[in-house]
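Visitor: build the 3D model from these lines:
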Amino acid sequence: MKLRLAQKTRYFPSTAVLKILLLIFSLSFLIKLGSSPLLEIDEAVYAEVAREAFTSGDYFSTYFNYETELSKPPFQYWLLQISYAIFGINEWAVRLPSFIMALGVLYLTYLFGKHFKSPSAGLWACLVLCANPGFYSMLRDTRMDITLTFFITLSIYGFYVYVYKKTEENLPRPIHWMGAPPSLQRRGMGWSDSFNGFFYIYVGMAAATLTKGPIGLLFPSLIILTFILLRRNWNLLRNLKPFYGLLLLILIITPWYIYMTQRYGFTFIEKNVIHENFKKFLVKGIYEPNTGGYFFLSHTFLWYFFPWWIFYFYQQYQWIRGWSKRSEREKDTIIFMLLWSYIPFIFFSLSQYSLPNYLSVITPAFSGIVGLFIDSSKDKTSITIENIFSIFSIPFLLLFLASAFFFFRDSLDIVTYLLVSAAIFYTILILISGTYRNFFITKIGMILLIMIIQITISLKFQPILDSYKPAKPISKNIMALSKDGIEVGFYKTRFFQSLVFYTGKKIKDIGSEDSLLQFINSPGNRFIITEEDGYKKLPENFKGKLEIIKRYPYFPVSRMTYRFLNPHTRGKVIKNIILIKKIPYNPFSNLP
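Guide: Residues are numbered from 1 along each chain as shown. The predicted structure is shown next:
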């Protein structure tokens, strides 16, 4: 029976099955994509910068809260403006460009796997990419990292497929990788391949730079040039056409930078180039202290790619162990993949400011390496590493089983039961896989389980989190009470950036009682947002001029905590924010 099961499952993963699973997984990302209010800080700021440019018609400058905002280049804002023009100004339009870019990253990841080994390796790489928490979180909001990842991947793809691979194909075997006779080197690539490689490499670099600054140039250049230096294949450097490439980069990138420099002078250079790039890398605490130090991304990596990093590191171990037996073409591919994985990782680890989403740049390389391992292990499964993968999964499953009942026991529904059933079913698959020593169903089961978990987050947990985002309901109340002549101010509380997006009004930050009094006494419809504790401390003469409209619960911390996740302790970390309206002056109120 063991033999029959192994024979049936060994060759089961046809490309058709993997394509269907990938299609279902990709479409699952659309669930409630536009139903959640904007995330504060990054997503809200980017959405509003694009909205102000779109409504004003000033498409090249960047403003937030109707003041100059010079932090980021404009490409992501242009994508959002196109989306606004088609779908209107709403959350769906804000997030759709990130979803489309995520599909682009998936497609390029598939193409890499196909060129590295086979179509099934590419499909496995895509499934692994879908089934990791970091990729899922990036495509659910409009941060620039997924767009940056797409264009950097496009640039690297252009080099690997149309420059490196075509150059190697035009050199007849056997020729040592250290070089070739000049007569053979002159053969080069065909015109079509040369144009495609040139276009992908340099347009990808230019678009990445216009998305998030100089790292769009830095990472592809470092990866490609380091690869050429290590392999000493100078023919590749010639086929890059660096002079014409540099000319194309200048033509695409510099017009916006010249325009902004002429308009804002050195202020633009200092903020957009020096502060957002050099100071972030060199100066600790430029925005907030990076408590993880140089190892921040190292431990972030473990949950960002859980549990697939087990296969990622084991594949590298296998490469090192069999290095002397590998062909020069295989060695080139391995070196290229490792450079792609480690150069951005080391760079951001050395930076004084790092965020988890910085790992997005290496997600295609990571997923490609894991896809290669899974596709290569169909016929020679490593029992030890597969068992380790399974054992690591069991605590993960137990955690979700306990969480499903503990956090949602007061409102058990079909979604919770689906999650629990999937976890139990996958545990059974682990036991079956270990018994019959065939682990294909374990990996497919893990992909399905993570997909169900992500759907559960969208359907079950996200609405709970959304109920503690007060900016959208506050803006609806304000607009319902008064649409014209509105002035909104925050008094000694967190500034909700998304309120600017939802109201379409400039929001004032009020920092003192004197400023508050001046704000109240100014003409027009005045609304104030503050914490309830802060309102209680106001002098009585202030309160006499104000009317409380409504109270809203909100979670004042940007990262999830156990106390917030647990419904029985949630009240201890929830604060109340209140919306206050200035009482209109009545000249007859003091008459007898």
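
Visitor: pLDDT (mean, whole number) over stretch 276-287?
Guide: The average pLDDT for stretch 276-287 rounds to 78.

Visitor: tell me who's in contact with the residue nearest the centre of the chain.
Guide: Nearest to the geometric centre of the chain sits Met138, at 2.5 Å (Cα atoms, centre = their mean). When contacts are counted by Cβ atoms under 8 Å, 6 or more residues apart in numbering, Met138 touches Ser98, Ala102, Asp145, Ile146, Thr149, Asn357, Ser360. Quick note: C-beta positions are derived from backbone N, CA and C, even for glycine.

Visitor: quick one: pLDDT of the third one?
Guide: The one in question is Asp145. 92.

Visitor: number of residues surrounding it?
Guide: 26 (other Cβ atoms under 10 Å).

Visitor: not counting its neighbours along the chain, what's nearest Leu79?
Guide: Leaving aside its sequence neighbours, Leu79 sits nearest to Pro97 (Cβ to Cβ, 6 or more residues apart in numbering; 4.1 Å).

Visitor: related to what we said a few turns ago, quick check: which of the contacts of Met138 has the minimum pLDDT.
Guide: Asn357 (86).

Visitor: and the closest residue to that residue other than its chain neighbours, how far is that from Ile201?
Guide: Among residues not flanking Asn357 along the chain, Asp145 sits closest, at 4.5 Å (Cβ to Cβ, 6+ apart). According to Cβ to Cβ, to the nearest Å, Asp145 stands 21 Å off from Ile201.

Visitor: before we move on, what about Lys19?
Guide: In terms of Cβ to Cβ, Lys19 sits 29 Å off from Ile201.

Visitor: looking at the two, which is more packed in?
Guide: Under the criterion of other Cβ under 10 Å, the comparison of Lys19 against Ile201 puts Ile201 first, with 27 against 15.

Visitor: separation between that one and Tyr257?
Guide: Ile201 is 21 Å from Tyr257, by Cβ to Cβ.

Visitor: for Ile486, same thing?
Guide: 36 Å.

Visitor: CSV for the contacts of Met138, including secondary structure?
Guide: Listed next are the contacts of Met138 as CSV, based on DSSP: H, G, I helix; E, B strand; the rest coil:
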residue, secondary structure
Ser98, helix
Ala102, helix
Asp145, helix
Ile146, helix
Thr149, helix
Asn357, helix
Ser360, helix
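
Visitor: out of the residues you listed, which are buried?
Guide: Ser98, Ala102, Asp145, Ile146, Thr149, Asn357, Ser360 (16 or more other Cβ atoms under 10 Å).

Visitor: and the helices in the stretch 301-450 of the chain?
Guide: For the stretch 301-450 of the chain, the helices defined by DSSP state H, counting those that start in this stretch occupy 309-321, 328-350, 363-376, 383-408, 414-436, 440-456.

Visitor: likewise the stretch 1-150 of the chain?
Guide: Under DSSP H, counting those that start in this stretch, the stretch 1-150 of the chain gives helices at 2-10, 15-28, 42-56, 75-87, 91-116, 119-130, 133-139, 145-157.

Visitor: and those as TSV, adding distance to Met451?
Guide: Putting those into TSV (distance: least, Cβ to Cβ, whole Å) gives the following:
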stretch	distance to Met451
helix 2-10	20
helix 15-28	5
helix 42-56	24
helix 75-87	26
helix 91-116	14
helix 119-130	7
helix 133-139	10
helix 145-157	19
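
Visitor: do you know which of those lies nearest Ser515?
Guide: Nearest to Ser515 among the helices of the stretch 1-150 of the chain is helix 42-56; the distance by Cβ to Cβ comes to 23.3 Å.

Visitor: counting by contacts, list what that closest one packs against.
Guide: Judged by 3 or more Cβ pairs under 8 Å, 6 or more residues apart in numbering; DSSP states H and E, the packing partners of helix 42-56 are strand 63-64, helix 75-87, helix 91-116, helix 498-503.

Visitor: show me what counts as buried in it.
Guide: 42-54.

Visitor: which of those sits closest to Phe440?
Guide: Glu43 (38.2 Å).

Visitor: I'd assumed Arg143 was in contact with that closest one.
Guide: Yes - assessed by Cβ atoms under 8 Å, Glu43 is found in contact with Arg143 at 6.5 Å.

Visitor: so what's the residue lying closest to Pro214 once chain neighbours are set aside up against?
Guide: The shortest distance from Pro214 to any residue other than its chain neighbours is 5.6 Å, reached at Asn277 (Cβ to Cβ, 6+ apart). Contacts for Asn277 (Cβ under 8 Å, 6+ apart) come out as Gly213, Pro214, Ile215.

Visitor: now, those that are in strands?
Guide: Among the contacts of Asn277, no member falls in strands (DSSP state E).

Visitor: do I have it right that Ser482 meets Lys505?
Guide: No - Ser482 is beyond contact range of Lys505, at 10.9 Å (criterion: Cβ under 8 Å).

Visitor: any weak-confidence spans in the stretch 351-500 of the chain?
Guide: In the predicted model, the stretch 351-500 of the chain carries pLDDT under 70 at residues 378-381, 394-416, 419, 433-438.

Visitor: still on that earlier bit, pLDDT score assigned to the residue nearest to the centre of the chain?
Guide: For Met138, the predicted pLDDT is 82.

Visitor: now do the contacts for the closest residue to it other than its chain neighbours.
Guide: Using Cβ to Cβ, 6+ apart and skipping the chain neighbours, the partner closest in space to Met138 is Ile146 (4.7 Å). For Ile146, the contact set (Cβ under 8 Å, 6+ apart) comprises Ser98, Met101, Ala102, Val105, Met138, Leu139, Ser360.

Visitor: follow-up on the earlier one: just name the closest of the buried ones among the contacts of Met138 to Ile424, please.
Guide: Ala102 (30.4 Å).

Visitor: so the closest one touches Phe29, yeah?
Guide: Yes - look at Ala102 against Phe29 with Cβ under 8 Å: they come within range, at 7.1 Å.

Visitor: shared neighbours, the two?
Guide: With Cβ under 8 Å, 6+ apart as the test, Ala102 and Phe29 both reach Leu139.

Visitor: now render the contacts of Ile146 as a markdown table, adding distance to Ser512.
Guide: Putting the contacts of Ile146 into a markdown table (distance: Cβ to Cβ, whole Å) gives the following:
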| residue | distance to Ser512 |
| --- | --- |
| Ser98 | 39 |
| Met101 | 43 |
| Ala102 | 45 |
| Val105 | 47 |
| Met138 | 39 |
| Leu139 | 42 |
| Ser360 | 41 |
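
Visitor: which other residues reach stretch 77-95?
Guide: 33-38, 43, 46-47, 49-51, 53-54, 59, 62, 96-97, 139-142, 147.

Visitor: what distance separates the start and the end of it?
Guide: 12 Å (Cα to Cα, to the nearest Å).

Visitor: since that was my last question, I'll sign off now.
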